[in-house]
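Chemist: sequence unknown, structure follows:
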């Protein structure tokens, strides 16, 4: 089979596919339209998030057998249409779930202990102990929405703390020794912390809005290492201002483009985002929760392994 690589990934992916006897070509610069003119010659595609793969692209890819997405989600692919055309979809959530679990825990502990603010204070010559007094995670209830690879990885990291972990998911009976599955209403009633681990779907877009937030009994902390469009930023900012949300750790934002790298391309920065970047109880990272040295290797290896399992 001939495989077209549309994004640069760890070299093991290309090397191992070469060793398996596949013909591999790389094109990291051509436009989507230019790729469409030649995609019919290929049996497979390897992509991260360079552009969306829609019906027009899939119609042009007349001989396509699989799409390997080097990442956790498939939201940049018209999955339903691809399946209709018999295209096998491969993602790699197993490859970066540990990285996401660690990053989520890091964000939570940093917020609780004001590490980002305290660091800035000391660098600016301010030794402010009382202003940087933290709170402890022990004794809190952590609620997870989405209990797949990422949610389970975070729950596993929480085992060393004296916390209650609850999870809500649209799939039944997936709770385990690390998290008790409950209804959304029960999670909203009990949680001190909410962590999102959901894919981007019609059910999750704009999920965390003012009504959703108001249904929480207690003020809570929000962590989002999943997808930015799950949170309505303006409603988040309003809740931060009222204290309903005590603080937020955001690795993703609703303003991101499909490539996750064009947030600052617009000359008009949303007012809600301006608030986030100045708020001391908000921690921001550039969609790197699953972006570690180790996950770079694991993601590539997962894609290779799944191609081997399906086609060799």
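Modeler: That came through, no problem. Model, not experiment: these values are computed from the prediction.
Chemist: pLDDT on stretch 137-154, on average?
Modeler: Mean pLDDT, stretch 137-154: 98.
Chemist: what residues of that stretch count as buried?
Modeler: Neighbour-count burial for stretch 137-154, counted by 16 or more other Cβ atoms under 10 Å, picks out 137, 140-154. For every residue, glycine as well, the C-beta is placed using N, CA and C.
Chemist: may I ask which helix or strand of this structure has the lowest mean pLDDT?
Modeler: Ranked by mean pLDDT, DSSP states H and E, the helix or strand of the chain with the weakest confidence is helix 271-276, at a mean of 93.
Chemist: give the contact list for residue 275.
Modeler: By Cβ atoms under 8 Å, 6 or more residues apart in numbering, the contact set of residue 275 is 237, 240.
Chemist: so for the residue nearest in space to the middle of the chain, what's the nearest residue that isn't a sequence neighbour?
Modeler: Taking Cα atoms, centre = their mean, the centroid of the chain lies closest to residue 226, which sits 3.1 Å from it. Nearest residue to residue 226 in three dimensions, chain neighbours excluded: residue 196, at 4.4 Å (Cβ to Cβ, 6 or more residues apart in numbering).
Chemist: need the contact list for that neighbour.
Modeler: Residue 196 sits next to 145-146, 208, 222-227, 230-231 when contact means Cβ under 8 Å, 6+ apart.
Chemist: adding distance to residue 80, write those residues out as JSON lines.
Modeler: Shown next, in JSON lines, are those (distance: Cβ to Cβ, whole Å):
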{"residue": "145", "distance to residue 80": "24"}
{"residue": "146", "distance to residue 80": "21"}
{"residue": "208", "distance to residue 80": "25"}
{"residue": "222", "distance to residue 80": "31"}
{"residue": "223", "distance to residue 80": "30"}
{"residue": "224", "distance to residue 80": "26"}
{"residue": "225", "distance to residue 80": "26"}
{"residue": "226", "distance to residue 80": "21"}
{"residue": "227", "distance to residue 80": "18"}
{"residue": "230", "distance to residue 80": "20"}
{"residue": "231", "distance to residue 80": "25"}
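Chemist: between those residues, which is nearest residue 109?
Modeler: Of all the contacts of residue 196, residue 109 sits closest to residue 223, with 10.7 Å by Cβ to Cβ.
Chemist: just confirm that closest one is within a strand.
Modeler: Yes. According to DSSP: H, G, I helix; E, B strand; the rest coil, residue 223 belongs to a strand.
Chemist: next up, the contacts around it.
Modeler: If you count contacts by Cβ under 8 Å, 6+ apart, residue 223 has them with 104, 107-108, 111, 193-196, 248-250.
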